[in-house]
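>>> Kindly return the folded structure for what I paste below:
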Amino acid sequence: MTKALILDFGGVVTRTLFETHDITERALALPAGTLTWRGPFDPASDPLWVSMQAREITERDYWMARTREVGALLGEEWADMKTFVQRARGADAELVLRPEAREAIVKAKDAGLKLAILSNELDLFYGVDFRRRFPLIDLFDVIVDATYTKILKPDPRAYELVLAELGIDRADCVFVDDQRKNIEGAEAVNLPHVHFDVTRPAESYAQALKMLGI
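Coordinates of the predicted model:
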C-alpha cells in the first residue's frame, strides 16, 4: 500500500524568518538586534503575528507588512516577499532547509512513501529559481502551489487537488502545516494531519512519520 507525506513549505520544510534574524541582519548589513519580531517564538514581541493568528489579517498580509518594513530600514521599497527572502538569505537554498525536514524527507522516501508539497506561496515568496535549486526538491512527486492554482488553503479544493495528483486515498496520507487555519481545512476534508510546531520541529516530524508507519 502506497502512502504519502504532504508538506507545507514555508516553516515546515524551511526554517522560518523568525529563526534567522541574525542571518538577515548580516546579509542586509543591519545592526545585530534590529529585528525584534519573533512570531510564534515570542508572540508578546509581535502584535502583528497575534493579529494574524486571530485571523484579523492574512498570512500574506503579515509577510507583506514585514517585507515593506525591512525594505524601509534600507531606504528601499520592497514590493514582494520574494525580494525579502532572497535579499535576507542571499538566495542560499541550502541555508534555509530545516535540518529536521531533510532527515524526515529522506527517511520517508527511503521507506517508499510518496512526497508532496501543498503551498499557498512557494514560487510567490521564494521564486522559481530558488525552488529549482532547493535541496531535495527532486524527491517530491507532486507540488501544488497556489501561486498558480489561485486556490489557497484552507479552501477544501486545495487539499483535493493534491490528493488527486497523488492518486492516493486520503486515509493513507498525512498533511503537515504550521498554520492552525490550514489544519482546520484538512480536518474539514478528513485528511489526517499534524499541526507542525516550529518550536519543536523534530517532534512534529516524528509524529507524522509514526502516523505513516515509519
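
>>> For stretch 167-179, buried residues please.
Neighbour counts over stretch 167-179 (16 or more other C-beta atoms under 10 Å) mark Ile168, Arg170, Asp172, Cys173, Val174, Phe175, Val176, Asp177, Asp178, Gln179 as buried. Where you see a C-beta, it was placed from the backbone N, CA and C, and this is true even at glycine.

>>> From start to finish, how long is it in a straight line?
25 Å (C-alpha to C-alpha, to the nearest Å).

>>> if we can go back for a sec, quick check: of the buried residues of stretch 167-179, which lies closest to Val85?
Asp178 (16.5 Å; C-beta to C-beta).

>>> In contact with the closest one, which residues are there?
Counting by C-beta atoms under 8 Å, 6 or more residues apart in numbering, Asp178 touches Asp8, Gly11, Val12, Pro40, His195, Phe196, Asp197, Val198.

>>> C-terminal to the lowest-mean-pLDDT helix or strand in the chain, what's the next element?
One helix or strand of the chain scores below all others by mean pLDDT, DSSP states H and E: helix 93-96, with a mean of 80. On the C-terminal side of helix 93-96, the nearest following helix or strand under DSSP states H and E is helix 99-110.

>>> contacts for the host helix or strand of Ala72?
Assessed by DSSP H and E, Ala72 sits inside helix 59-73. With contacts defined as C-beta under 8 Å, 6+ apart, helix 59-73 is touched by 17, 24, 28, 30, 34-35, 37, 48-49, 51-52, 57, 77-78, 80-81, 83-84, 88, 120-121, 125, 179.

>>> buried residues in the helix or strand that comes right after it?
Once helix 59-73 ends, the next helix or strand along the chain (criterion: DSSP H and E) is helix 81-89. The neighbour-count check on helix 81-89 (16+ other C-beta under 10 Å) flags Met81, Lys82, Thr83, Phe84, Val85, Gln86, Arg87, Ala88, Arg89 as buried.
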